[in-house]
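**Student:** show me how the following folds:
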Amino acid sequence: STVWLALDEVMDPQNLGAMLRSALFLGAGGVVTCARNSAPLSAAVSKASAGAAETMLLHSCRSMPRFLGRCVEAGWTVLGAAGEEGAVAAASVPADIGPILVVLG
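**Tutor:** This next block holds a predicted model:
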């Protein structure tokens, strides 16, 4: 299945670059950021991404909640990363549920 990463409120360029680098390494189909509250793509992001920013699909949205809602309407499964009690481990999510959008930030 297709897995994309949605990054919300990642303001530090080095953190954004590191997340892009990790997403590419882990095989993400692409990354979406929110134009309002995320670091802009810049030379610092590119350098921290070690080239990942130039080789993967990157998209920007105006409103992350609206974007996530549209993804659900289009059949995507939206998962949020959480460490709280009762959170489901990523390994227990079935691989055949269709396209997945993992939200971090």
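**Student:** okay, CA-based contacts and neighbour counts for the rest of this
**Tutor:** Fine.
**Student:** in this structure, which spans are helices?
**Tutor:** If DSSP state H is used as the criterion, the helices of the chain fall at 13-25, 43-49, 52-55, 64-73.
**Student:** identify the residues contacting the nearest residue to H59 once chain neighbours are set aside.
**Tutor:** Beyond its immediate neighbours in the sequence, the residue positioned closest to H59 (C-alpha to C-alpha, 6 or more residues apart in numbering) is V32, lying 4.7 Å away. Contact partners of V32, counting by C-alpha atoms under 8 Å, 6 or more residues apart in numbering, are 4-7, 58-61.
**Student:** what would the helices of the chain look like in a markdown table with distance to L104, mean pLDDT and mean neighbour count?
**Tutor:** Conversion of those to a markdown table gives the following (distance: least, C-alpha to C-alpha, whole Å; pLDDT from 0 to 100; neighbours: other C-alpha atoms under 10 Å):
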| stretch | distance to L104 | mean pLDDT | mean neighbour count |
| --- | --- | --- | --- |
| helix 13-25 | 10 | 96 | 20 |
| helix 43-49 | 17 | 95 | 18 |
| helix 52-55 | 17 | 94 | 16 |
| helix 64-73 | 11 | 96 | 14 |
